[in-house]
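Peer 1: What follows is a predicted protein model with its sequence.
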Amino acid sequence: MGARSDGENEASRRVKTEFMVQMDGVGKGQDKRVLVLGATNVPWDLDPAIRRRFEKRVYIPLPEKQARAEIFKISIGKTKISLTDSDFKELGSMTEGYSGSDISTLVKGALMEPIRTCQIATHFVKKPSGNYAPCKPNAKGAVEMGLFDVPNGKLDPPVCSMNDFRKCLKTSKASVNPDDLKRLEDWMDQFGQEG
């Protein structure tokens, strides 16, 4: 719903006009319990007529430290990990400026680290359960073999650890830059309302 311009094609113009007409009719028919919610990372690109149709314009900032720690927990879900509550707090502290999406991407990378460990392993050890786990070449009971030499269904990959997250954090960057945050805050000062 970007601002209308002279170079815009007629079909796009009609869609925007129809959207605004429909927005004007929301909540005025039989069912008055309709909520229209929109979200954008670039509110300054909105057509002014669209902006006016949204009565409340609320800025939702990036998550704070505690919220980031919770986002890590939610993103990990039921995957088996070896992180403690203090590890989650540390991750929350280490990811200042990260969005929820950035954290989700980081979690996906960290959860893949145990698989990468298995892929590059040159030695595996047979556990009492009969499964094989990657190990160092000098580990007791180490057998020289690659991942594809492990019998089907007998792989016991390592559990994702804090070190896996630290490793991913070295190459991970926040996707939101401070200039954009300042621009959002300025837009909010001009057009927004308190939530």
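Peer 2: Perfect, I can see it now.
Peer 1: Can you dump the C-alpha atoms of stretch 51-66 in CSV for me?
Peer 2: Extracted in CSV, the C-alpha atoms of stretch 51-66 (Å, rounded to 0.1, in the frame of the first residue of the first chain):
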residue,chain,number,x,y,z
ARG,A,51,-2.2,5.7,7.1
ARG,A,52,-5.3,7.8,7.9
ARG,A,53,-7.6,4.7,7.8
PHE,A,54,-5.6,3.0,10.6
GLU,A,55,-6.8,4.9,13.7
LYS,A,56,-4.0,3.5,16.0
ARG,A,57,-0.4,3.5,14.8
VAL,A,58,1.7,1.8,17.4
TYR,A,59,5.5,1.3,17.2
ILE,A,60,6.6,-2.1,18.5
PRO,A,61,10.3,-1.9,19.3
LEU,A,62,12.9,-4.7,19.1
PRO,A,63,12.6,-7.2,22.0
GLU,A,64,14.5,-6.4,25.2
LYS,A,65,16.9,-8.8,26.8
GLN,A,66,14.4,-10.9,28.7
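Peer 1: Now do the buried residues in that stretch.
Peer 2: 51, 53-54, 57, 59, 62-63 (16 or more other C-beta atoms under 10 Å). All C-beta atoms are positioned from the backbone trio N, CA, C, and that covers glycine.
Peer 1: Identify, from the residues you listed, the entry nearest to residue 177.
Peer 2: Of all those, residue 62 has the smallest distance to residue 177: 11.4 Å, by C-beta to C-beta.
Peer 1: Contacts only, for that closest one.
Peer 2: Shown in contact with residue 62 (C-beta atoms under 8 Å, 6 or more residues apart in numbering): 97-99, 176, 181.
Peer 1: so which two of those are the farthest from each other?
Peer 2: For the contacts of residue 62, the farthest-apart pair by C-beta to C-beta is 98 and 181; their separation is 12.2 Å.
Peer 1: higher neighbour count, the two?
Peer 2: residue 98 (25 against 14; other C-beta atoms under 10 Å).
Peer 1: Excluding chain neighbours, what is closest to that one?
Peer 2: Spatial nearest neighbour of residue 98, excluding adjacent residues (C-beta to C-beta, 6 or more residues apart in numbering): residue 174 at 4.8 Å.
Peer 1: how about the lowest-mean-pLDDT helix or strand in the chain: buried residues?
Peer 2: Across the helices and strands of the chain, mean confidence by mean pLDDT, DSSP states H and E is lowest for helix 10-25: a mean of 80. For helix 10-25, burial by neighbour count (16+ other C-beta under 10 Å) applies to 16, 23.
Peer 1: Which neighbouring elements make contact with it?
Peer 2: Applying 3 or more C-beta pairs under 8 Å, 6 or more residues apart in numbering; DSSP states H and E, we find helix 10-25 packed against helix 48-53.
Peer 1: Can you name every helix or strand that the following helix or strand past the helix it packs on contacts?
Peer 2: Tracing the chain C-terminally past helix 48-53 and defining elements by DSSP states H and E, one meets helix 65-76 next. Packing partners of helix 65-76 (3+ C-beta pairs under 8 Å, 6+ apart): helix 85-94, helix 100-120.
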